[in-house]
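Peer 1: sequence plus the predicted model coming up.
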Amino acid sequence: MWASGTSQPERLGRWETAAYLVVFFWLLVLVRHRPVTALVLAVATWEVSFFLHVRADTTIALLATGGGMATLSLVAGRNADHEQRGVVTLAVGAVGAVVATVAAGAGPDTAIAAVAALGALAVVPWALGRYRRGYTEFIGAGWDRAALLERDAAEARAHERARLAAEMHDLVGHELAHAALQVGALEVSPTLPPEHRDAVREARAGVTAAAERLADVVRLLRSDWGTAIESVEEVVERARRSGLRVELEVRGAVARDPVIARTIHRVVTEAITNAMKHASGASVSVSLDRSDGGTEVRVSNGPGRAAVPRTAGGGRGLLGLAERVALVGGQLTVRWVEDGGFEVVAQLPDRPASERPADAMTPLLRLRAQARVQRNSRRAMRLAVGVSAVIVVGVVGYLVYDAAASTLTPARFAELRVGQSEAEVADVLPPQTRTDDTGGGPERSTCRLYSTHPNPFDERRHDRYRVCFRDGVLVAKDLIVRDP
């Protein structure tokens, strides 16, 4: 809108502006689902806009759709799962700008402007988006870790309640039952006087009441485990109903400990979910092998219909699963198999370990997430600084080269005489001319502009020597002094 309002109609018309707005609004919707595709289209749209208007107005050409490309690059870097594809897209866009410059017959200044603008308006926002993604993943890993600790703490409390309930039932309940039997034997003894029998009857009633209250307390302690755990067979059947091909094999008795049973349930559900997400269409095999040493849970899947990179996904689900298995004293192994499939193997004891190794896992998870964020941050900063340095060095270098190659010294300017042929002065004139202004000479003449000195940054950098030819003859030469 700014470009349309500040440029002449023939440079950027209203209909063209409306078309660009429609394209970029559509790309803002597409970028959340196909970030790399949206980035490709945004870069292509900017290059079309640039080369359509660069001859008429360089500022309009650079900035008309630059804001849209920068915004799309930032969002694409934030949402893209494959960093390499975005880097390749930006590199191809830079090469395409150079090729388009050559094809259009433009000069090297146009190619430098196009590549520099792509670096500033696409590469740098992309790098910032990648950094933002890494930071968000770090925050997400922290929340996942907090949720995992809360869940494990709740399960630990429930397991301790169940353990206390079992001990009270097995020890105190057994002693109360034994005491009730002994008192009952005294109650029916024929040698016991009637007045003592009444006292024994009251004592037996008190012991029985205490046993009943103990049973109530045991049921209260076990309330957290009152809900039934979904069996492995039910998990597999539910996956089959959703269209997944799953085979189940169970050898031996199922674990009785509720914590181990819940861990088995979590391993199976997490592995099946992982196969459904990353190996679409593959068959899944689930096996439970119960032995004296514990239970082995093995979930494997073949390669999916679509090829998925082995680094796809954040892996936080498997990290959480590994810690959950370690909490009960087990061991989790995840690996790729030779045919391209994936396998999850969990070795679980019959009873949970008495000590929780959470303190050993917490630094590991934190260090992994921190290392990933630091790696992404360093990469993004190196990319941004490198691109900025290349832009600055390239632009400054070209300005120096352009001024030096187009400098006509005062001594050589004095050698020029009106009436000389163009061939006579060819050796005196520099090999390169300036293109900022070619008007103002005699009628029907063709004029060339040259720099007055090689320094492009001093206060007289805008001064020019103008040399005009008509029919191959030098007809005018003058010095154009411009205010700094």
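Peer 2: Now that the structure is in, tell me what you want to look at. Just so we're clear, the structure is a prediction, and the values are computed from it rather than from any experiment.
Peer 1: once you drop chain neighbours, what's closest to residue 453?
Peer 2: residue 407 (6.2 Å; CB to CB, 6 or more residues apart in numbering). For the C-beta atoms, the positions are set from N, CA and C on the backbone; glycine is no exception.
Peer 1: enumerate every residue touching that neighbour.
Peer 2: 430, 450-454 (CB atoms under 8 Å, 6 or more residues apart in numbering).
Peer 1: distance check, residue 432 against residue 398.
Peer 2: 12 Å (CB to CB, to the nearest Å).
Peer 1: revised request: answer the last question for residue 245.
Peer 2: Counting by CB to CB, the gap from residue 245 to residue 398 is 62 Å.
Peer 1: what do you get for residue 40?
Peer 2: 28 Å.
Peer 1: when the two are compared, which one has more neighbours?
Peer 2: residue 40 (21 against 17; other CB atoms under 10 Å).
Peer 1: isn't the more buried one right up against residue 90?
Peer 2: No - with contact defined as CB atoms under 8 Å, residue 40 does not count as touching residue 90 (9.6 Å).
Peer 1: next, the buried residues of the strand or helix carrying residue 47.
Peer 2: Using DSSP states H and E, residue 47 maps to helix 35-53. Buried residues in helix 35-53, counted by 16 or more other CB atoms under 10 Å: 35-36, 38-43, 45-47, 49-51, 53.
Peer 1: same for it, what does it pack against?
Peer 2: Packing partners of helix 35-53 (3 or more CB pairs under 8 Å, 6 or more residues apart in numbering; DSSP states H and E): helix 14-30, helix 58-63, helix 66-79, helix 83-104, helix 108-118.
Peer 1: where along the stretch 201-350 of the chain do the helices fall?
Peer 2: 232-241, 258-278, 316-327 (DSSP state H, counting those that start in this stretch).
Peer 1: circling back to that earlier point, so can I have TSV of the contacts of residue 407 showing neighbour count?
Peer 2: TSV is the format used below for the contacts of residue 407 (neighbours: other CB atoms under 10 Å):
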residue	neighbour count
430	17
450	21
451	25
452	21
453	15
454	14
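Peer 1: can you pull the contacts of residue 151?
Peer 2: By CB under 8 Å, 6+ apart, residue 151 has no neighbours at all.
Peer 1: ugh, wrong one, residue 155
Peer 2: Contacts of residue 155 (CB under 8 Å, 6+ apart): 259, 262.
Peer 1: check what pLDDT it gets.
Peer 2: We note a pLDDT of 70 for residue 155 in this prediction.
Peer 1: do the same with the one 10 residues further on
Peer 2: With respect to pLDDT, residue 165 scores 66.
Peer 1: can you tell me the closest non-neighbouring residue to residue 83?
Peer 2: Nearest non-adjacent residue to residue 83 (CB to CB, 6+ apart): residue 130, at 6.3 Å.
Peer 1: pretty sure that neighbour sits in a strand.
Peer 2: No - assessed with DSSP: H, G, I helix; E, B strand; the rest coil, residue 130 is helix; it does not lie in a strand.
Peer 1: so which of the helices of the stretch 201-350 of the chain comes closest to residue 82?
Peer 2: helix 258-278 (14.3 Å; CB to CB).
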